[in-house]
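Novice: missing the sequence, but the structure's below:
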């Protein structure tokens, strides 16, 4: 990946609301180069969306659950589709052996309990409350720094 693209991607990861002009000034390239780079990153799929990261407790979600689930071998398409459609699922990906990591957010424990009764019973779950201050807040800006090392 060209250096300009990495720099623009890094700037977008740090703050996707920044203008192309502001990014250009910060990284020392022209604004049209930033605009072309942003368009390229979007078109090629390097950037799959722009989103805010809310404080979950402020929007009424009390629990985040990290669930390791057995999707059965081979993966059960109905289970996978159910997870895709469930609005409580923030992120899900499969791993070896027909297992999946499913990160979900819930209004309360009753909502989490309903979630687990609707989907495969987790093999392992780590539950945390959103009122706890994170050790390190969610950010993707480190991804580019880690890639450059």
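Specialist: Great, that's in hand. Fair warning: this is a prediction, and the values are worked out from it, not measured in the lab. Residues are numbered from 1 along each chain as shown.
Novice: what about residue 26, neighbour count?
Specialist: 14 (other Cβ atoms under 10 Å). Using the backbone N, CA and C atoms, a C-beta is placed for each residue, glycine as well.
Novice: which residues does it contact?
Specialist: 11, 18 (Cβ atoms under 8 Å, 6 or more residues apart in numbering).
Novice: Could you check the pLDDT of it?
Specialist: Listed pLDDT for residue 26 reads 94.
Novice: That one: helix or strand, and which one exactly?
Specialist: Following DSSP states H and E, one finds residue 26 within helix 20-27.
Novice: Any idea how far that helix is from the middle of the chain?
Specialist: When distances are taken as Cα atoms, centre = their mean, to the nearest Å, helix 20-27 is centred 25 Å away from the chain's centroid.
Novice: Now do the buried residues in that helix.
Specialist: For helix 20-27, the neighbour count (16 or more other Cβ atoms under 10 Å) marks 20, 23-24, 27 as buried.
Novice: Likewise for stretch 100-112?
Specialist: 100, 102, 104-106, 112.
Novice: Identify the farthest-apart pair in those residues.
Specialist: Farthest pair in the buried residues of stretch 100-112 (Cβ to Cβ) is 100 and 106. Separation: 17.6 Å.
Novice: So what touches stretch 93-111?
Specialist: Contact with stretch 93-111 is made by 56, 60-75, 83, 86, 88-92, 112, 115, 119, 122-123, 130, as judged by Cβ under 8 Å, 6+ apart.
Novice: Quick test: name the residue nearest the centre of this structure.
Specialist: For the chain, the residue sitting closest to the mean C-alpha position, by Cα atoms, centre = their mean, is residue 91 at 6.2 Å.
Novice: Look up which helix or strand that one falls in, please.
Specialist: Element membership for residue 91, per DSSP H and E: strand 89-94.
Novice: Then residue 125?
Specialist: strand 122-129.
Novice: elements contacting that strand?
Specialist: strand 63-70, helix 109-118 (3 or more Cβ pairs under 8 Å, 6 or more residues apart in numbering; DSSP states H and E).
Novice: Low-confidence regions, the protein specifically.
Specialist: Residue ranges of the chain with pLDDT under 70: 1, 73-75, 146-149.
Novice: again, only this time at 90
Specialist: When residues are selected by pLDDT under 90, those of the chain lie in 1-4, 13-16, 49-54, 70-81, 94-99, 117, 119-123, 132-134, 136-149.
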